[in-house]
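Asker: Below: sequence and its predicted model.
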Amino acid sequence: MSSASPLPTSPDAQSNLHQGSLAILTLGAIGVVYGDIGTSQLYAFREALAQTGADGISRLEILGVLSLALWALIVVVTLKYVAFLSRMDNNGEGGVLSLMALAQRATGTRWPVVLLLGATGAALFYGDAIITPALSVLSAVEGLRTIPGFEAMTEPALLGLSLGILTVLFLAQSKGTAGVASLFGPICLVWFAVLAALGVWHVLQAPQILAAFNPLHAMTFLTTNGVTGLFVLGAVFLTVTGAEALIADMGHFGRKPIQLGWLSLVWPALSLNYLGQGAMALKALSDAQAAGHLLANADWFFLMAPEALRAPLVVLATMATVIASQAVITGAYSLTHQAIALGLLPRLTIRQTSAHQIGQIYLPVVNWFLFAGVVVLVFAFRSSSAMAAAYGIAVTGTMVVTTCLAFVIAWKHWGWNRVWAATLIAPFLALDLFFFGANMLRVTEGGWVPLAVAGVMGIVIFTWLKGRRAAMALAADQGADMDEIAQVLAQRLPTRIEGTAVFLTQDLDVAPAALLHNLKHNKALHRLSILLKVETTTKPWIAPQDRLAITQVDANFVRVQLRYGYLDKIDVPSDLARGEGLLDRPGGTSFFVGRNAIRFAARPILPRWMTVIYMALHRNAADPTAWFAIPPNRVVELGSQIEL
């Protein structure tokens with residue numbers, strides 16, 4: 001998951017944040033970064049035992065599963081993410097697209113494989129973003145069945161309550177979460193404290209469970225259980241889902257608060273709770289053997305609490321899962337915003353939900369896409385156990401992508417010898433591929449869901465990239481050279497009108513279609529015409545004073561390039577105003593925007609199915625004037641047709 005915090009993300013806000021108390025930043029990180037991985041206790045141990053306990057659960061199975069879980073936390077999260085990948089930041093920003101942008105900068109954007117990896121990671125994330133809210137909230141609500149008097153609660157009631165909570169959550173997105181975000185940290189702090197306390201209580205009753213720290217139990221389990229061991233490994237991976245948020249949220253909190261939160265609280269609390277669940281299972285096994293019965297699997301997490309405290313625990317767990325779901329939803333907004341800025345997706349409507357926090361955004365299309373997916377999943381799988389099989393593939397796939405990008409960055413950006421870089425990263429990649437393979441065994445049980453979602457998003461991204469490049473190439477081939485147009489107009493000037501005309505274009509060497517249409521139909525030329533190209537770079541931030549580049553063509557035309565970071569807020573009029581003499585002329589400023597209509601060509605450039613998809617994406621893209629923050633009353637739209 002690539003999550004996003006409700007905290008400010010602008011450069012100035014970041015500076016103010018990082019000057020604040022380390023404790024406050026750590027508390028914020030605990031509330032945002034660790035929501036997903038912090039709710040895995042609800043189902044991870046139970047689901048792992050379910051893969052091996054069909055004929056009764058044995059002591060070796062309990063120790064083996066628990067050892068796998070503990071060492072997954074150590075190797076995948078602590079060593080790979082906290083110790084290594086957290087150092088790979090793109091000017092302080094992390095996440096799969098930030099790593100892609102950093103790798104592109106390091107390779108000069110010449111390696112298509114880097115773009116492919118980034119697009120794959122982004123596509124896989126959407127599958128994760130749909131499953132996480134459905135699975136986490138449903139698993140918490142199912143805890144009601146462990147409360148005395150609620151054991152017979154029906155499945156429709158559980159599904160209805162879960163959908164009610166999720167519906168309220170998604171409906172609230174348009175209002176923003178700034179008002180309640182300050183509660184995330186304290187609630188999660190209480191949550192992790194409760195996890196640790198429950199774990200310690202049960203470990204003291206069965207201290208022999210500490211033997212699970214011996215990795216031989218994990219190795220023995222895998223080598224003696226064959227294919228079953230791989231199914232268990234796929235379920236054990238549930239313990240580390242959400243680990244990628246450690247690097248995705250570095251731009252919001254910084255490396256140190258995230259590392260401190262993991263090492264001082266989250267990791268110990270998770271480990272203690274898993275140990276406590278294992279200790280409870282060992283004690284239950286002893287009681288079952290004494291009674292001459294086989295030990296059946298159970299909802300170990302909620303059964304850890306005394307009966308009188310289970311209702312408050314269910315409430316607290318539900319709150320924690322809502323926070324985890326919120327982190328994934330805002331993560332989807334953040335990732336989509338980055339994908340749009342980096343050219344992977346068409347422009348979508350983005351609404352700012354806070355006047356003070358630039359990171360508080362809302363994307364209606366993404367919100368309702370996720371909600372529709374969540375509703376379908378809840379009704380299709382109907383239980384957290386069934387849904388758990390669908391979880392993991394998207395996350396393991398993203399981890400494979402992240403590790404591959406890490407190799408490129410270590411080699412090309414850090415300047416490491418490629419052999420040494422490969423030697424260090426190969427064990428992490430092997431582990432990721434091992435987990436990915438284990439999860440692929442569960443494709444028929446539901447693992448196809450995130451793959452299907454990722455496949456759809458992959459087709460959208462690929463079609464948009466391919467169609468956009470084809471349209472730009474066609475426009476360049478059919479367009480007129482701008483220098484030649486300027487020379488012709490200088491010799492035979494048309495009627496001059498006061499003011500400045502700004503023509504948005506993607507190629508400064510080709511005369512914009514809007515300029516040619518204006519000359520053809522209005523037979524007039526403004527006192528100054530600005531050819532403006534707005535470009536998004538692979539850096540997250542560019543200082544306002546460094547964004548503007550001006551090249552004089554002649555007395556009538558000026559080429560202007562505005563460069564933004566992929567996390568910058570775009571404001572074209574404000575940044576153009578920094579150029580002396582550009583917008584401060586008599587007669588005002590008009591912005592000319594070309595509105596292209598895509599049509600089928602007699603000799604198609606793209607396959608017909610791809611053209612159909614691209615036409616739909618292009619037609620439904622958000623208004624560019626809103627994206628560039630141009631006042632609508634200053635915009636003139638001129639249409640043209642492009643045949644693909």
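Answerer: Okay, I see it. Residues are numbered from 1 along each chain as shown.
Asker: In this protein, where is pLDDT below threshold?
Answerer: 1-20, 53-54, 177-180, 354-359 (pLDDT under 70).
Asker: how does it divide into domains?
Answerer: 11-446, 480-643 (automatic domain parsing).
Asker: For the stretch 301-450 of the chain, which segments count as strands?
Answerer: 351-352, 361-362 (DSSP state E, counting those that start in this stretch).
Asker: Sorry, slip of the keys, the one I care about is the chain.
Answerer: For the chain, the strands defined by DSSP state E cover 351-352, 361-362, 495-504, 524-536, 548-552, 557-564, 589-599, 635-643.
Asker: on that earlier part again, please identify the deepest-packed of the domains of the chain.
Answerer: The highest mean neighbour count among the domains of the chain, using mean count of other C-beta atoms under 10 Å, belongs to domain 11-446: a mean of 20. (Each C-beta comes from the backbone N, C-alpha and C, glycine too.)
Asker: and that one, how far out from the chain's middle?
Answerer: Distance of domain 11-446 from the chain centroid (C-alpha atoms, centre = their mean, to the nearest Å) equals 13 Å.
Asker: list the contacts for residue 227?
Answerer: Contact analysis of residue 227 by C-beta atoms under 8 Å, 6 or more residues apart in numbering lists residue 441.
Asker: Kindly report the same for residue 118.
Answerer: Going by C-beta under 8 Å, 6+ apart, residue 118 touches 96-97, 99-101, 103-104, 342, 344, 401, 405.
Asker: how does it look with 7 Å?
Answerer: Neighbouring residues of residue 118 by C-beta atoms under 7 Å, 6 or more residues apart in numbering: 96-97, 100.
Asker: Reformat these as TSV; add distance to residue 41.
Answerer: Shown next, in TSV, are the contacts of residue 118 (distance: C-beta to C-beta, whole Å):
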residue	distance to residue 41
96	26
97	29
100	32
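Asker: Which of the residues you listed fall in helices?
Answerer: If you go by DSSP state H, the contacts of residue 118 have 96-97, 100 in helices.
Asker: Residue 320 - nearest residue in space that isn't next to it in sequence?
Answerer: Nearest non-adjacent residue to residue 320, counting by C-beta to C-beta, 6 or more residues apart in numbering: residue 191, 4.6 Å away.
Asker: Make a markdown table out of the domains of the chain and add distance to residue 456.
Answerer: Converted to a markdown table, the domains of the chain look like this (distance: least, C-beta to C-beta, whole Å):
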| stretch | distance to residue 456 |
| --- | --- |
| domain 11-446 | 8 |
| domain 480-643 | 11 |
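Asker: Compare the strands of the stretch 301-450 of the chain and report which one is nearest to residue 152.
Answerer: For residue 152, the closest of these is strand 361-362, at 40.1 Å, according to C-beta to C-beta.
Asker: just checking, what packs against that closest one?
Answerer: helix 310-341, strand 351-352 (3 or more C-beta pairs under 7 Å, 6 or more residues apart in numbering; DSSP states H and E).
Asker: Quick one, which of these gets closest to residue 387.
Answerer: With C-beta to C-beta as the yardstick, what comes closest out of those is helix 310-341 (12.9 Å).
Asker: So which elements touch the closest one?
Answerer: helix 96-107, helix 112-141, helix 155-171, helix 184-205, helix 300-303, strand 361-362, helix 364-381.
Asker: Dump the ones you listed into CSV; add distance to residue 229 as well.
Answerer: CSV is the format used below for the helices and strands packed on helix 310-341 (distance: least, C-beta to C-beta, whole Å):
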stretch, distance to residue 229
helix 96-107, 29
helix 112-141, 23
helix 155-171, 31
helix 184-205, 25
helix 300-303, 20
strand 361-362, 44
helix 364-381, 25
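Asker: closest to residue 535 out of those?
Answerer: The nearest among the helices and strands packed on helix 310-341, by C-beta to C-beta, is helix 96-107 at 13.3 Å.
Asker: Give me the contact list for the closest one.
Answerer: Contacts for helix 96-107 (C-beta under 7 Å, 6+ apart): 2, 88, 90, 114, 117-118, 121-122, 125, 335, 338-339, 342, 398, 401-402, 405, 408-409, 412-413, 538, 540, 566.
Asker: Let's see that with 8 Å instead.
Answerer: 2, 88-90, 111, 114-115, 117-118, 121-122, 125, 244, 247-248, 251, 335, 338-339, 342, 344, 398, 401-402, 405-406, 408-409, 412-413, 538-540, 566.
Asker: Let me see the contact set for the residue nearest to residue 320.
Answerer: 38, 316-317, 319-320.
Asker: shouldn't residue 558 be in contact with residue 528?
Answerer: Yes. When contacts are counted by C-beta atoms under 8 Å, residue 558 is listed as touching residue 528 (6.6 Å).
Asker: Give me the common contacts of those two.
Answerer: residue 582.
Asker: Next up, the contacts around the nearest residue to residue 468 once chain neighbours are set aside.
Answerer: Spatial nearest neighbour of residue 468, excluding adjacent residues (C-beta to C-beta, 6+ apart): residue 343 at 7.1 Å. Going by C-beta under 8 Å, 6+ apart, residue 343 touches 465, 468, 536.
Asker: What separation is there between residue 343 and residue 101?
Answerer: Look at residue 343 and residue 101: by C-beta to C-beta, to the nearest Å, they are 11 Å apart.
Asker: ok, residue 556 to residue 589 distance?
Answerer: From residue 556 to residue 589 the distance is 16 Å (C-beta to C-beta).
Asker: no, scratch that, I was asking about residue 543
Answerer: 24 Å.
Asker: One more: residue 412?
Answerer: 42 Å.
Asker: again with residue 401
Answerer: Taking C-beta to C-beta, one finds residue 401 at 44 Å from residue 589.
Asker: I figured residue 45 hits residue 68, correct?
Answerer: No. Look at residue 45 against residue 68 with C-beta under 8 Å: they stay out of range, at 10.3 Å.
Asker: Tell me which residues touch residue 142, please.
Answerer: Applying C-beta under 8 Å, 6+ apart, the residues near residue 142 are 158, 299, 383-384.
Asker: Show me which of those residues is closest to residue 259.
Answerer: residue 384 (30.6 Å).
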